[in-house]
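K.L.:
just to be clear, the model below is a prediction. Sequence and coordinates:
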Amino acid sequence: MSNDHDLRLVAPFSPTIIKATMPPAVVEALNARADAIVARQDEVAARDWSSHLAGAVSTEIRFTDVIGEMPDLTDFLYDVARTYSYRCENALMHFSDYQRTEELADKTLRIEIKEGWVNDMVAGDYNPAHFHQGCLYSSVGFLRIPEGYEREFRADKARQNTAGCLQFIDSRSAVGVKNLFTVKPVVGDFYLWPSWMLHCVYPFKSPGVRRSIAVNLALA
Ligand SMILES: [Fe+2]
C-alpha cells in the first residue's frame, strides 16, 4: 500500500506546557533568600502576597524584587519563555517541525517578568483550581520537598497519585489528549504554561515545607 498520503498532524489548539530544569545554584540561592525572609516576621508581613492569590497556603511572599536582583534566574526565565514562544510558533507555522528554531539564535523576543512569589506549603495546605490574570505565561519552579514526601506519594492510590502534586486541567478531551495532567514536585523542575490554563495543587500530609516559586510573564 502506498504511503504517500502526505499525512500530518496539525494541533493548533492544544495548550502546550514546557518543562525545564533550573540551575542548581539558582535553586540554592532562592532557598537561601526565602529562608532569610521567612525567618523574620516583619519581612513576611511586608511581603505577604496571599490577598492576591487563591491558595490556602501558609506563606505566600512577593518575590518580584528578589527575582530582579538574580541575573542567573532572570536569564533562565527569559530563555524558557523565549524557547516556549518560538517552539509554539514554529509548531504552528511548520506543522510540528521542532528542528526549525533558528529564530532562537538572535533572541530578539523581549520577555517581561510581571510578578513572582514564593509559596511555602505545609501539611494540609492546598491551592484550589485557578488561573493567573494580567500575564501571558505562568510558571512554577520547585525548590523544596518535605522529607518523607516520596514515601507518602508512593503510598497514595496507585493510579491517581496526587498528594502534593500540581495538576493542570483542560476539559476539552480528545483521542490521545488528557484533560488532567498531574505533575509531581521534584526539586529543580520548572514548568511554564499559558496563564489562562486552570491548575490546582493538592494537599499532602508529610511534615516539612513544600516550597515553590511562581512567576507570571508576558511579552514586552
Ligand atoms: Fe497558580
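P.N.:
It's in. Numbering: from 1, shown residues only.
K.L.:
for this protein, what are the low-confidence residue spans?
P.N.:
For the chain, the stretches flagged by pLDDT under 70 are 1-2, 90-108, 156-159.
K.L.:
tell me which residue is most central in it.
P.N.:
A centroid search over the chain (C-alpha atoms, centre = their mean) returns Val140, at 2.7 Å, as the residue closest to the centre.
K.L.:
tell me the secondary structure at that residue.
P.N.:
Following DSSP: H, G, I helix; E, B strand; the rest coil, we place Val140 in the strand state.
K.L.:
contact partners for it?
P.N.:
Applying C-beta atoms under 8 Å, 6 or more residues apart in numbering to Val140 gives the contacts Leu166, Phe190, Tyr191, Ser212, Ile213, Ala214, Val215. All C-beta spots, glycine's among them, are computed from the backbone N, C-alpha and C.
K.L.:
now, which of the residues you listed sits nearest Glu89?
P.N.:
Among these, Tyr191 lies closest to Glu89 (C-beta to C-beta), at 19.2 Å.
K.L.:
quickly list what the closest one is bridged to.
P.N.:
Counting by DSSP bridges, Tyr191 is bridged to Lys19, Val140.
K.L.:
same question for Glu112.
P.N.:
Note on Glu112: beta-bridge partners Ala218, judged by DSSP bridges.
K.L.:
count the neighbours of Asp170 for me.
P.N.:
Counted with other C-beta atoms under 10 Å, the neighbours of Asp170 add up to 17.
K.L.:
residue contacts, it?
P.N.:
Going by C-beta under 8 Å, 6+ apart, Asp170 touches Pro15, Asn179, Phe181, Met197, Leu198.
K.L.:
now it: how far from Tyr126?
P.N.:
Applying C-beta to C-beta, to the nearest Å, the value for Asp170 to Tyr126 is 20 Å.
K.L.:
just Tyr191 next, same as before
P.N.:
The gap separating Tyr191 from Tyr126 is 18 Å, by C-beta to C-beta.
K.L.:
which one is Val183 nearest to, not counting chain neighbours?
P.N.:
Distances taken as C-beta to C-beta, 6 or more residues apart in numbering put Leu166 closest to Val183, at 4.4 Å, once the chain neighbours are dropped.
K.L.:
related to what we said a few turns ago, for ChimeraX, what selects the buried ones among the contacts of Asp170?
P.N.:
Only the buried entries of the contacts of Asp170 go into this ChimeraX selection, using 16 or more other C-beta atoms under 10 Å:
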select :181,197
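K.L.:
which of the contacts of Asp170 sits closest to Cys135?
P.N.:
Nearest to Cys135 among the contacts of Asp170 is Met197, at 11.9 Å by C-beta to C-beta.
K.L.:
could I get the phi/psi values of the closest one?
P.N.:
When quoted as degrees, to the nearest 10, the phi and psi of Met197 stand at phi -70, psi 130.
K.L.:
select the longest helix from this structure.
P.N.:
Ranked by residue count and defined by DSSP state H, the top helix of the chain is helix 71-93.
K.L.:
quick one: distance of that one to the chain centre.
P.N.:
Offset of helix 71-93 from its chain centre (C-alpha atoms, centre = their mean, to the nearest Å): 13 Å.
K.L.:
stretch 11-26 too?
P.N.:
Centroid displacement of stretch 11-26 relative to its chain, using C-alpha atoms, centre = their mean, is 8 Å.
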